[in-house]
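Colleague: Turn this into a structure:
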Amino acid sequence: MASGMELGGGADLPGAFVLSNLAEVVERVLAFLPAKALLRAAGVSRLWSACARRVLRGQRAVAWVSVARADALPDAVPDGHRLLRAVAEELENVRILPRTVLYMADAETFVSQEQRRGHVKARKRMSMETAVALEKLFPKQCQVLGIVTPGIVVTPMGSGSNQPQEIEMGESGFALLFPQIEGIKIQPFHFIKQSKKLTLEKHELAEVGLLDNPELRVVLVFGYNCCKVGASSYLQRVVSTFSDMNIILAGGQVDSLSSLTSEKSPVDINATGVVGLSFSGLRIQSATVLLNEDVSDEKAVEAAMQRLKAANIPEQDTIGFMFACVGRGFHYYRAKANVEADAFRKFFPSVPLFGFFGNGEIGCDRIVTGNFILRKCNEVKDEDLFHSYTTIMALIHLGSSK
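Modeller: Numbering: from 1, shown residues only. The predicted structure follows:
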């Protein structure tokens, strides 16, 4: 675009001059646009391109796309899971350029009804087709990690203060969209169980930020295909390599790995392994609390949330995670639904909550009763990290916006 755009019969208008010369004004205008529109606007001129880049760098809030049973979407989506359609529609409106994506979908409906009645191989093939379609919706440089679980915990779109939902059955899912945040690094990692290789090399851990990384603060870790022989022991062996570090550790066992675009080779649906995200950065704050088998009523759940609240983590720029056993939920609380998610919302009114119901939980209560002091990691033994019939609640604060 030339300096002083010519509009309306060649007359130089003041507005055209401003929008082609004054960066501060252009940035304020472009700040109202979603990311995709910003990228298109960047092609107008060098000034607009520089302004668009600055606007995108300033958009540091995590965004998300979610679907739940009550969402007003058609019951039958011919092209895969409802999350696929929701992501396709909502990516037109998000204000960030996603650099890392973590999505989770329910295992029951991530495949079509027709395929579910077929053989296991057909079921898995459809699952991969849906996953590939999801991956293609995101920018090429975006790292996508996707897992499939028995149940989903999700906060509806629109606001972090929306009521989170525990969805133990039914079509549901979410995609967390992390932008590039200055001073924070989010790295996917993946270790596959191999019969001839029983230990992990140090360089493998270092390459994904799990070793020799003084800024490592949080690790979300998930074991997949854990029903296979030796899978649980492999998961414990992997976690033991970094569990004694001064970090927050949370996660669980899920049904399967569906996406991992950081690797060149396609996902092997028959493999057994461990996958996750490492969060590094000096501004990151985090804490976890364990709801064990003794936590079986609303009062006890709220007491656990009170301990987590005592960590004094800011609610702005914070995400909540809930990793629960499939044995908890509605029936565990004597036919009361959403007990743990409701308690979380009571103590954290503006923090979005995401997670799953799985087949085993990983983590520990990092906050002790009494003085509410964060436990040091060296006080936690490996056997204290793996549980059943429990729930892990975690907070991850990605640093305050400037």
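Colleague: Regarding residue 36, what is its secondary structure?
Modeller: helix (DSSP: H, G, I helix; E, B strand; the rest coil).
Colleague: so how many other residues sit close to the residue lying closest to it once chain neighbours are set aside?
Modeller: Of all residues not flanking residue 36 in the chain, residue 92 sits nearest, at 5.9 Å (C-beta to C-beta, 6 or more residues apart in numbering). Glycine gets a C-beta too; all of them are placed from N, C-alpha and C. Neighbours of residue 92 under the rule other C-beta atoms under 10 Å: 10.
Colleague: The one 10 residues further on too?
Modeller: Using other C-beta under 10 Å, residue 102 has 26 other residues around it.
Colleague: now do residue 342
Modeller: 18.
Colleague: Burial check on residue 169, number of neighbours?
Modeller: By other C-beta under 10 Å, neighbour count at residue 169 equals 15.
Colleague: thought residue 51 was touching residue 22?
Modeller: No - if you go by C-beta atoms under 8 Å, residue 51 and residue 22 don't touch, sitting 9.9 Å apart.
Colleague: so the residue nearest to residue 36 makes contact with residue 39?
Modeller: No - counting by C-beta under 8 Å, residue 92 stays clear of residue 39, with 11.7 Å between them.
Colleague: what bridges to residue 165?
Modeller: residue 154 (DSSP bridges).
Colleague: which ones are touching it?
Modeller: The contact partners of residue 165, by C-beta atoms under 8 Å, 6 or more residues apart in numbering, come to 68, 153-156, 172, 338, 341.
Colleague: mind running it again at 10 Å?
Modeller: By C-beta atoms under 10 Å, 6 or more residues apart in numbering, residue 165 lies in contact with 66, 68-70, 152-156, 172, 337-338, 341-342, 353.
Colleague: pretty sure residue 135 is in a helix, no?
Modeller: Yes - membership of residue 135 in a helix is supported by three-state DSSP.
Colleague: Tell me how many other residues crowd it.
Modeller: 18.
Colleague: Quick check: chain neighbours aside, which residue is closest to it?
Modeller: residue 144 is the one closest to residue 135 (C-beta to C-beta, 6+ apart), at 5.1 Å.
Colleague: tell me which element the one you found is part of?
Modeller: Element membership for residue 144, per DSSP states H and E: strand 143-149.
Colleague: How about residue 330?
Modeller: Applying DSSP H and E, one finds residue 330 in no helix or strand.
Colleague: Please tell me how far it sits from residue 342.
Modeller: 12 Å (C-beta to C-beta, to the nearest Å).
Colleague: tell me, what's touching those two both at once?
Modeller: With C-beta under 10 Å, 6+ apart, residue 330 and residue 342 have common neighbours 166, 336.
Colleague: tell me the contacts of residue 324?
Modeller: 151, 153, 166, 168, 252, 291, 332, 340-341, 355-358, 361, 389-393.
Colleague: if you set the cut-off to 7 Å instead, what comes out?
Modeller: 340, 355, 357, 391 (C-beta atoms under 7 Å, 6 or more residues apart in numbering).
Colleague: quick one: residue 92 from residue 40, how far?
Modeller: Residue 92 is 11 Å from residue 40, where distance means C-beta to C-beta.
Colleague: before we move on, back to that, each with direction, which strands does the strand holding residue 144 pair with?
Modeller: With DSSP bridges as the test, strand 143-149 is paired with strand 98-106 (parallel), strand 256-260 (antiparallel).
Colleague: Show residues contacting the first one.
Modeller: What that stands for is strand 98-106. 81, 83, 134, 138-139, 142-149, 151-152, 170-180, 186, 277, 356.
Colleague: Please list only the buried members of those residues.
Modeller: Buried members of the contacts of strand 98-106, scored by 16 or more other C-beta atoms under 10 Å, are 81, 83, 134, 138, 142-149, 151-152, 171-180, 186, 277, 356.
Colleague: what's the burial count for residue 325?
Modeller: Residue 325, neighbours per other C-beta under 10 Å, totals 24.
Colleague: Just give the nearest non-adjacent residue to it, would you?
Modeller: Of all residues not flanking residue 325 in the chain, residue 389 sits nearest, at 5.0 Å (C-beta to C-beta, 6+ apart).
Colleague: Next up, phi/psi of that neighbour, please.
Modeller: Phi and psi for residue 389, reported as degrees, to the nearest 10, are phi 60, psi 40.
Colleague: which ones are touching it?
Modeller: Residues in contact with residue 389 (C-beta under 7 Å, 6+ apart) are 293, 325, 327-328.
Colleague: Save the residues you listed as JSON lines, and put in distance to residue 207 too.
Modeller: Formatted as JSON lines, the contacts of residue 389 follow (distance: C-beta to C-beta, whole Å):
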{"residue": "293", "distance to residue 207": "38"}
{"residue": "325", "distance to residue 207": "32"}
{"residue": "327", "distance to residue 207": "36"}
{"residue": "328", "distance to residue 207": "36"}
